[in-house]
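Predicted coordinates and the sequence they were generated for:
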Amino acid sequence: MKPWAKKFYKSKAWEKCRAAYIIKVHGFCERCDKPGKIVHHKTWLTPQNINDPNVTLNHNNLEFVCQDCHNEEHHGGETAASGLIFDENGDLIAK
Ligand SMILES: [Zn+2]
């Protein structure tokens, strides 16, 4: 986990928001209907938006996904298409 995101992911506000969202989508991956695991932010969190509840705690910006679908999102097509890749620390860098 990125150091700047730690405080957010440990916050009560996120815990509540996440739990409410999982209940709302009945606990299944929104992409493939397997049991979900990760609440993903459609607009990825950055050091710039991490303190903006309209991004971090907005149900419209959340998607509940399983591990497989999450990996695909963060290591698959979209990342490559936008010219970004993950380095060995899990940080996004330009190709
Ligand atoms: Zn899935």
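Sure, I can see it. Residues are numbered from 1 along each chain as shown.

Can you name every helix or strand that the helix or strand in which residue 72 is found contacts?
With secondary structure defined by DSSP states H and E, residue 72 is part of helix 67-75. In this structure, helix 67-75 packs against strand 38-41, with contacts taken as 3 or more C-beta pairs under 8 Å, 6 or more residues apart in numbering; DSSP states H and E. From N, CA and C alone the C-beta is placed, and that goes for glycine too.

residues making contact with the helix or strand just after the strand it packs on?
Reading on from strand 38-41 to the C-terminus, the next helix or strand found by DSSP H and E is helix 53-56. With C-beta atoms under 8 Å, 6 or more residues apart in numbering as the contact definition, helix 53-56 has outside contacts at 8, 13-14, 41, 43, 45, 49-50, 61.

What are the neighbouring residues in contact with residue 38?
Counting by C-beta under 8 Å, 6+ apart, residue 38 has contacts 64-67, 70.

among these, which ones are buried?
Burial by neighbour count, 16 or more other C-beta atoms under 10 Å: within the contacts of residue 38 this picks out 64-66, 70.

Which positions are bridged to the most centrally placed residue in the chain in the beta structure?
With distances taken as C-alpha atoms, centre = their mean, the chain has residue 40 as the residue nearest its mean C-alpha position (2.6 Å). Under the criterion DSSP bridges, residue 40 forms beta bridges with residue 63.
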